[in-house]
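Colleague: prediction below, plus the sequence it came from.
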Number of protein chains: 2
Amino acid sequence: MQGEGLLRVTGDDGERTDAARNRRLLLDAAAEIVATCGAERLTTDAVARRAGVGKGTVFRRFGSRAGLMHALADEAGREFQQAFMSGPPPLGPGAPPLERLIAFGEASIARMRLDGQILRATEQQGGPDLEHPTQRLVRLHLAILLRGIGASDPEVGAYHLAAVLNAGLLLHLQDDRGMSVERLTASWAALVSALAA
Amino acid sequence: MQGEGLLRVTGDDGERTDAARNRRLLLDAAAEIVATCGAERLTTDAVARRAGVGKGTVFRRFGSRAGLMHALADEAGREFQQAFMSGPPPLGPGAPPLERLIAFGEASIARMRLDGQILRATEQQGGPDLEHPTQRLVRLHLAILLRGIGASDPEVGAYHLAAVLNAGLLLHLQDDRGMSVERLTASWAALVSALAA
């Protein structure tokens, strides 16, 4: 999950490699804090302590707690993107569009356990940002699959499906309403299956 | 729209009648400002000026700009509630559940023109509040209709449909993406029709 693939280390530049390693170290520390104690415990202080660096290093790298949150969310988003754009089927290419749609929802729901708190923390600054590149990519992906199953108006449909998979909503249903991953996945599957022509 | 039905005036209490009249005057002034100049122009100053009262009166009544916004949103929500709970069919009782579902989306989309800016302004303080009494009532209504059309898991389905009718999303599609009310209504109708067993 936090493997080499995410490190864009050039190799021929010692300083840049150090910077990348440092960034990795801080992001790993931050991800551990969120996973162990919850997103509300993520502070630049806590990250510095856990990573064994000065608080100034964290600030220089990420600016603020919000900057750190966004870096975590971007990283989580990138891994997920990779999985649905070029990973193995049925989430990635190679499966029929309905199967891919079902897998997309299933993966979105499942990743809430790991990434949900980070996503919700970044979303809460005014709801989901519909113009964010990640959101656009998700909608483009959903629209293509909706077209593939013969749904009417795939462009609007993609907005609908993205709203249904909103992190704040999924976390509310799981954490506050106690709904199981299985139940949410089944509802999603029923929804997208109903949209198939 | 802003008729007697909303005034809970007791009649036998002069002071309370005055307070209600005052409240009505201020809310009307606020609604006019939003309709004419947009929600971002709504300030307690502007409302006081338009209603011809002192700024202190607005503050005493609503506390702040946010309080005023919420009062406007609550009022708009109450009128809409009345329409779908006890108004004429197909939005109100008396029509088959699928027709009522279609009418509910149509009315939600249409009212964005009037109430959208207020709803978005109150929603933006952290996305829609899923526990707000209005949201709960909307979901209860949607769940009953979903059960009526034989949809699987009406409880989760109600969350899905409420997310699709989120004011921030509907306004984004209409104002920023230039989608017509007709197009959005057609997509909604296709969605709920697909859910019918």
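Modeller: Structure received. Numbers count the residues shown, from 1 in each chain, chains lettered A, B, ... in the order given.
Colleague: any residue of the helix or strand bottoming out on mean pLDDT in chain A touching chain B?
Modeller: Every helix and strand of chain A was ranked by mean pLDDT, DSSP states H and E. The lowest is helix A:112-123, at a mean of 79. Yes: using C-beta under 8 Å from any C-beta of the partner chain, helix A:112-123 reaches chain B at A:Glu123. Heads up, the C-betas are built off the backbone N, CA and C, glycines and all.
Colleague: that helix packs against which elements?
Modeller: The contact analysis (3 or more C-beta pairs under 8 Å, 6 or more residues apart in numbering or on different chains; DSSP states H and E) places helix A:112-123 against helix A:14-37, helix A:65-86, helix A:167-171.
Colleague: show me the domain layout of chain A.
Modeller: Listed by automatic domain parsing, the domain ranges of chain A are A:1-63, A:65-197.
Colleague: now the first one: average pLDDT?
Modeller: Which is domain A:1-63. Mean per-residue pLDDT for domain A:1-63: 79.
Colleague: is chain B contacted by that domain?
Modeller: No: using C-beta under 8 Å from any C-beta, we find that domain A:1-63 stays clear of chain B, coming within 14.2 Å at best.
Colleague: who's in contact with the least confident helix or strand of chain A?
Modeller: A:34-35, A:38-40, A:42, A:66, A:69-70, A:72-73, A:76, A:80, A:129, A:166-168, A:170-171, A:174, A:181, B:127 (C-beta atoms under 8 Å, 6 or more residues apart in numbering or on different chains).
Colleague: how about the domains of chain A in a markdown table, adding mean neighbour count?
Modeller: Listed next are these as a markdown table, based on neighbours: other C-beta atoms under 10 Å in any protein chain shown:
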| stretch | mean neighbour count |
| --- | --- |
| domain A:1-63 | 15 |
| domain A:65-197 | 18 |
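Colleague: any chance of those in TSV, plus distance to B:Ser86?
Modeller: Shown next, in TSV, are the domains of chain A (distance: least, C-beta to C-beta, whole Å):
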stretch	distance to B:Ser86
domain A:1-63	42
domain A:65-197	28
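Colleague: if I look at the residue nearest the centre of chain A, how far off is A:His132?
Modeller: In chain A, the centroid-proximal residue (C-alpha atoms, centre = their mean) is A:Gly77; its distance is 3.5 Å. A:Gly77 sits at a distance of 9 Å from A:His132 (criterion: C-beta to C-beta, to the nearest Å).
Colleague: check A:Leu171 too.
Modeller: 18 Å.
Colleague: for B:Val58, find the nearest of the domains of chain A.
Modeller: Closest approach to B:Val58 among these (C-beta to C-beta): domain A:65-197, 25.6 Å.
Colleague: what about the closest one, start to end distance?
Modeller: Start-to-end span of domain A:65-197 (C-alpha to C-alpha, to the nearest Å) is 46 Å.
Colleague: tabulate the helices and strands packed on helix A:112-123 (CSV), appending distance to A:Thr57.
Modeller: Below are the helices and strands packed on helix A:112-123 laid out as CSV (distance: least, C-beta to C-beta, whole Å):
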stretch, distance to A:Thr57
helix A:14-37, 7
helix A:65-86, 12
helix A:167-171, 29
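Colleague: how about those helices, which one is nearest A:Val47?
Modeller: Nearest to A:Val47 among the helices and strands packed on helix A:112-123 is helix A:14-37 (5.0 Å), distances taken as C-beta to C-beta.
Colleague: next secondary structure after that closest one?
Modeller: Note on helix A:14-37: by DSSP states H and E, the next helix or strand toward the C-terminus is helix A:44-51.
Colleague: got the angle for that next one vs helix A:14-37?
Modeller: If you take axes from the mean of the first three to the mean of the last three C-alpha atoms, to 10 degrees, helix A:44-51 sits at 110 degrees to helix A:14-37.
Colleague: now the next helix or strand after helix A:44-51 against helix A:14-37, angle please.
Modeller: Remark: after helix A:44-51, the chain's next helix or strand is helix A:55-62, criterion DSSP H and E. Angle, helix A:55-62 to helix A:14-37, by the same axes, to 10 degrees: 100 degrees.
Colleague: what does helix A:55-62 contact?
Modeller: Identification of contacts with helix A:55-62 by C-beta under 8 Å, 6+ apart yields A:Asn22, A:Arg23, A:Leu26, A:Thr44, A:Asp45, A:Val47, A:Ala48, A:Ala51, A:Leu68, A:Ala71.
Colleague: most widely separated two among these?
Modeller: The span of the contacts of helix A:55-62, defined through C-beta to C-beta, is set by A:Arg23 and A:Asp45 at 18.1 Å.
Colleague: measure A:Glu40 to chain B for me?
Modeller: Remark: distance between A:Glu40 and chain B (C-beta to the nearest C-beta, to the nearest Å) = 14 Å.
Colleague: ok, now A:Arg136?
Modeller: Distance of A:Arg136 to chain B, computed by C-beta to the nearest C-beta: 12 Å.
Colleague: elements contacting the helix or strand hosting that residue?
Modeller: Here A:Arg136 sits within helix A:133-148, counting by DSSP H and E. In terms of contacts (3+ C-beta pairs under 8 Å, 6+ apart), helix A:133-148 is packed against helix A:65-86, helix A:97-110, helix A:154-164.
Colleague: contacts for the last one next, please.
Modeller: Yep, that's helix A:154-164 we're talking about. A:101, A:105, A:130, A:135, A:138-140, A:142-144, A:146-147, A:151, A:169, A:188, A:191-192, A:195, B:160, B:163-164, B:166, B:169, B:173, B:179, B:183-184, B:187, B:191.
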